[in-house]
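Visitor: sequence first, then the predicted structure:
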Amino acid sequence: MRSSPLEAEVQKGRFITFEGIDGAGKSSQIAAVVSLLGARGLVVEQSREPGGTRLGESLRELLLHEPMHLETEAMLMFAARREHLAARIEPALLRGEWVVCDRFSDATYAYQVGGRGLEPEKFAALETWVHPGLQPDLTLLFDLPPEVAASRVASTGADPDRFEREQRDFFVRVREAYLERARHAPGRICVIDANRSPEQIREEIETLIKERFFA
Ligand SMILES: Nc1ncnc2c1ncn2[C@@H]1O[C@H](COP(=O)(O)OP(=O)(O)OP(=O)(O)O)[C@@H](O)[C@H]1O
Ligand SMILES: Cc1cn([C@H]2C[C@H](O)[C@@H](COP(=O)(O)O)O2)c(=O)[nH]c1=O
């Protein structure tokens, strides 16, 4: 059995991911992109990580609330991702559908390598094992100062999870790791200035998607 059907078969759909530190403002923009694609008659599978499957959502509960060793955290992120790829992402792409996902492996690089200090070689080994040859077609990285993001998270009034409770230094490292990853994949990762109004951000993203996929 092949570990990833997309290694050998032709991927017909498109895979778009959204990334950024907690509170960057991804959620409402994801909804706008899903409607934009839907209005063009495309079938869109919307999902999130960690999560996206029943098992993945159970792992999400543990990841967001149970203290654990950083390598356990990294491996559980990739375990949830393996299930998500097999059950939803790869079948949808092979059917020619579009997948829009809130976070993917760039988040593991940013949070576990950048934020927690996981060795980059261990991240690379997991990434190669779990999705050899597959990367998103487009990643929108919402970039903003951690203090702005933290005040947005606080303004929701929701109980913060294990990641949201981290201090500013952690998010400074996560942000820097995201930007480093973007520097290494400039054709795939587009950095969006998320410290603007939702309307300005939506306009930029719509233009970007039209130019990238429909021009
Ligand atoms: N551009 C913006 N300007 C000001 N506030 C915003 C903006 N975008 C989102 N918000 C607000 O910030 C809060 C967090 O936004 P949202 O949930 O979309 O972020 P997120 O990136 O999905 O966060 P997380 O990754 O933590 O789930 C919400 O209260 C939202 O209304
Ligand atoms: C995929 C992934 C996620 N995380 C962290 C990032 C966030 O703090 C949470 C998910 O919550 P969200 O509000 O739905 O964005 O999980 C991570 O540390 N590593 C990952 O690979």
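Guide: Yes, it's here. Numbering: from 1, shown residues only. Ligands and ions are numbered 1, 2, ... in the order given.
Visitor: ok, residues contacting stretch 75-84?
Guide: Contact with stretch 75-84 is made by 47, 49-53, 55-56, 59-60, 62-63, 68, 104-105, 107-108, 112, 126-127, 129-131, as judged by Cβ atoms under 8 Å, 6 or more residues apart in numbering. For glycine as for every other residue, the C-beta is placed from the backbone atoms N, C-alpha and C.
Visitor: tally of neighbours for L70?
Guide: For L70, the count of nearby residues is 15 (other Cβ atoms under 10 Å).
Visitor: need the nearest residue in space to it, chain neighbours excluded.
Guide: Using Cβ to Cβ, 6 or more residues apart in numbering and skipping the chain neighbours, the partner closest in space to L70 is R116 (4.4 Å).
Visitor: list the residues that contact that neighbour.
Guide: Contacts of R116 by Cβ under 8 Å, 6+ apart are 70, 73-74.
Visitor: make a markdown table from those residues and add distance to A149 to it.
Guide: Shown next, in a markdown table, are these (distance: Cβ to Cβ, whole Å):
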| residue | distance to A149 |
| --- | --- |
| L70 | 22 |
| E73 | 21 |
| A74 | 22 |
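Visitor: how about these in TSV, adding distance to A31 and secondary structure?
Guide: Shown next, in TSV, are the contacts of R116 (distance: Cβ to Cβ, whole Å; DSSP: H, G, I helix; E, B strand; the rest coil):
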residue	distance to A31	secondary structure
L70	32	helix
E73	28	helix
A74	29	helix
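Visitor: closest to K12 among those?
Guide: Using Cβ to Cβ, the shortest approach to K12 within these belongs to A74, at 30.9 Å.
Visitor: pLDDT value on the closest residue to the closest one other than its chain neighbours, please?
Guide: Of all residues not flanking A74 in the chain, Q112 sits nearest, at 4.4 Å (Cβ to Cβ, 6+ apart). Note on Q112: pLDDT of 99.
Visitor: helix or strand right after the lowest-mean-pLDDT helix or strand in the chain?
Guide: In the chain, the helix or strand scored least confidently by mean pLDDT, DSSP states H and E is helix 5-8, which has a mean of 54. Next along the chain after helix 5-8, taking DSSP states H and E as the criterion, comes strand 15-20.
Visitor: contacts for that next one, please.
Guide: Residues from elsewhere that reach strand 15-20 (Cβ under 8 Å, 6+ apart): 26, 29-30, 33, 89, 93, 98-104, 106-107, 110, 134-144, 149, 178, 189, 194, 209.
Visitor: among the residues you listed, which ones lie close to ligand 1?
Guide: Filtering those for proximity to ligand 1 by Cβ under 6 Å from any ligand atom leaves K26.
Visitor: okay, and which of the contacts of strand 15-20 map to helices?
Guide: The members of the contacts of strand 15-20 that map onto helices under DSSP state H are 26, 29-30, 33, 93, 106-107, 149, 178, 209.
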